[in-house]
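In: Quick one: sequence plus predicted model below, questions after.
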Amino acid sequence: MKFCRECKHSVSEQAFTCPQCGAPYPYKEKWDGWGLEYKSEAMIGDWPLVHVSFKYRSNMMPVPARGIIAIGQFGIGIINISQFGVGIVSIGQFTVGVFALAQFALAYSLIAQIGIYIHYGFGQAVWSLLELIR
């Protein structure tokens, strides 16, 4: 048995919520949300080299992946792999990037099912990525 970090009530180490105050995972000293988050220790400027985030805060707000290489549901990075993202090279369902592989994208050069192609392109199945690397 441990004590709840919020109300100090005695709780099991297997409890999902405190029976006294309702705190999630009350036996943990610190808890800031559901899901997975990883940040590499290597930094370039203020951004981690790799940031992986499939996490939601306790208020159910998603935590976007922000890093040189960003991987997650929401992402911002130089190389971005996410469902919704922004990056120089971006792979995702909805994305904005210089080079993009996506279902819906806004990009200079892209492979997309449906996209807005700034340089030149048209309609369904827009192909470029330097004409699929010639």
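Out: Perfect, thanks for sending it.
In: How far does stretch 4-13 stretch from one end to the other?
Out: By C-alpha to C-alpha, to the nearest Å, the extent of stretch 4-13 from end to end equals 10 Å.
In: quick one: contacts of that stretch?
Out: 1-3, 18-21, 23, 26-31 (C-beta atoms under 8 Å, 6 or more residues apart in numbering). Heads up, the C-betas are built off the backbone N, CA and C, glycines and all.
In: go on, stretch 86-99?
Out: 70, 75-85, 100-110, 129.
In: run the last query once more with 6 Å
Out: 76-85, 100-109 (C-beta atoms under 6 Å, 6 or more residues apart in numbering).
In: so where's the longest strand in this structure?
Out: When the chain is parsed with DSSP state E, its longest strand is strand 65-117.
In: Low-confidence regions, this structure specifically.
Out: Applying pLDDT under 70 to the chain flags residues 113-134.
In: what number of residues lie near Tyr108?
Out: 13 (other C-beta atoms under 10 Å).
In: Report the separation between the closest residue to it other than its chain neighbours and Val86.
Out: Counting by C-beta to C-beta, 6 or more residues apart in numbering, Tyr108 lies nearest to Val98, which is 5.0 Å off, once chain neighbours are set aside. According to C-beta to C-beta, to the nearest Å, Val98 stands 10 Å off from Val86.
In: Domain boundaries for the protein, per the record?
Out: 1-31, 32-133 (automatic domain parsing).
In: and among those, the most buried is which?
Out: Mean neighbour count, computed with mean count of other C-beta atoms under 10 Å, is highest for domain 32-133 among the domains of the chain, reaching a mean of 17.
In: That one: how far from the chain's middle?
Out: Counting by C-alpha atoms, centre = their mean, to the nearest Å, domain 32-133 is centred 8 Å from the centre of its parent chain.
In: likewise stretch 21-40?
Out: Worked out by C-alpha atoms, centre = their mean, stretch 21-40 lies 18 Å from the chain centre.
In: Now do the end-to-end distance for it.
Out: End to end - C-alpha to C-alpha - stretch 21-40 spans 35 Å.
In: Name the residues that touch it?
Out: Here stretch 21-40 has contacts from 2, 4, 6-7, 11, 13, 15, 17-18, 48-58, using C-beta under 6 Å, 6+ apart.
In: Kind regards, and thank you for your time.
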